[in-house]
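Engineer: I'll drop the sequence and a predicted model, then ask my questions.
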Amino acid sequence: MGSRMKKKEGSLVIITHSDDAAIALGHILSKRYLPGPVDISTVVSFSFHFEESLQPQPSLSIVPEMRLSEDRCFCKRIGASFYPLGFWDNFGLCKKNETLSVEAIEDCILVLIEKLQKAVVVCAYPNGITHPHHDLVFRATTFAIGKMKETALFFVDDLPYSRIPVGEKVFCNGIEYTPVIIELSEKELDIKFELMKIYKSQLKRSYFEAVSETAPGDVKKRYSETLWLPKSNRFSELTKNVYTNISGQEDEEEFEYAQFTHPFKRFCRASA
């Protein structure tokens with residue numbers, strides 16, 4: 001008898017740089033809001049002088065030990081495993097290599113999804129001005145998920161660079177998305193910043209000094225998190241469970257899947 005196909009479960013976070021997961025969804029990860037177990041894959045791990053003749057190829061041999069150490073520490077704190085891909089920081093920044101870079105990342109993501117059999121993939125949605133690498137990783141991730149019909153794609157805002165305005169219509173691979181806005185308390189922000197401080201090689205002391213000089217309301221506005229979920233009957237059970245995790249609601253009647261505009265009392269506000 002042939003072996004049964006393993007049921008997909010858990011979440012895979014595809015993130016561009018090592019510190020991006022802590023900034024964009026550190027609270028979501030620390031609170032275990034995503035379906036577990038959670039794995040994190042960082043795409044870019046190294047910088048050097050860019051030459052147009054270079055081909056985008058992943059290689060763990062180029063990943064600095066400092067970044068690996070920081071990733072291990074971060075993942076241990078949030079109870080996740082991680083898979084660094086080892087692309088260089090300057091990949092795809094010219095038109096000549098852009099398509100090759102997207103295809104190379106997409107191939108790696110497809111292999112990871114097939115290997116890990118994850119039910120959910122999470123990536124940052126670069127809206128407006130952001131790092132070019134973030135756009136390449138986003139495109140590669142969405143292309144890969146477009147080929148994996150049984151894997152759900154969730155988005156987070158690409159903090160601290162950009163947000164998707166609440167009320168804006170967001171579509172990907174023919175599916176509309178709806179936001180769950182997670183307002184962080186001062187204590188929760190402190191915990192998030194402690195996670196961000198793990199990445200000493202990426203986020204220098206001056207970064208946090210600048211944050212400390214920012215008005216508290218602006219800090220909350222900038223670092224509170226949003227999880228964008230697909231409005232699709234195919235993934236209704238997954239999204240329902242995530243809503244329940246975030247809201248703390250145990251009454252299933254409180255969940256209005258058909259409209260997806262129910263503002264949960266503690267964390268969410270309805271979209272316009």
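Structural biologist: Received the coordinates, thanks.
Engineer: what's the closest non-adjacent residue to residue 72?
Structural biologist: residue 82 (7.3 Å; Cβ to Cβ, 6 or more residues apart in numbering). No exception for glycine: its C-beta is placed from N, CA and C like everyone else's.
Engineer: from residue 117, how far out is that neighbour?
Structural biologist: 17 Å (Cβ to Cβ, to the nearest Å).
Engineer: next: residue 66.
Structural biologist: 31 Å.
Engineer: for residue 110, same thing?
Structural biologist: The value you get for residue 110 to residue 117, if Cβ to Cβ is used, is 12 Å.
Engineer: then residue 225?
Structural biologist: Counting by Cβ to Cβ - residue 225 and residue 117 are separated by 26 Å.
Engineer: name the residue in those two with the higher neighbour count.
Structural biologist: residue 225 (24 against 15; other Cβ atoms under 10 Å).
Engineer: contacts only, for the closest residue to that one other than its chain neighbours.
Structural biologist: Nearest-residue entry for residue 225: residue 182, 4.7 Å, with adjacent residues in sequence omitted and distances by Cβ to Cβ, 6+ apart. Residue 182 is in contact with 27, 28, 33, 224, 225, 226, 227, 246, 267, 268, counting by Cβ atoms under 8 Å, 6 or more residues apart in numbering.
Engineer: the residues you listed in helices, which ones?
Structural biologist: 27, 28, 246 (DSSP state H).
Engineer: neighbouring strands - and their directions - for the top strand by length along the chain?
Structural biologist: Identified as the longest strand of the chain according to DSSP state E is strand 175-182. Sheet pairing of strand 175-182 (DSSP bridges) gives strand 170-172 (antiparallel), strand 225-230 (antiparallel).
Engineer: in TSV, list the ones you listed along with mean pLDDT.
Structural biologist: TSV is the format used below for the strands paired with strand 175-182 (pLDDT from 0 to 100):
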stretch	mean pLDDT
strand 170-172	91
strand 225-230	95
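Engineer: quick one: which of the ones you listed is nearest residue 155?
Structural biologist: strand 225-230 (3.8 Å; Cβ to Cβ).
Engineer: contacting residues around residue 121?
Structural biologist: Applying Cβ under 8 Å, 6+ apart to residue 121 gives the contacts 11-14, 109, 113, 141, 144-145, 151-154.
Engineer: what angle separates the helix or strand hosting it from strand 225-230?
Structural biologist: Using DSSP states H and E, residue 121 maps to strand 120-125. Strand 120-125 runs at 120 degrees relative to strand 225-230, counting by axes from the mean of the first three to the mean of the last three Cα atoms, to 10 degrees.
Engineer: so what strands line up beside strand 120-125?
Structural biologist: Its sheet considered, strand 120-125 pairs with strand 11-15 (parallel), strand 152-157 (parallel) by DSSP bridges.
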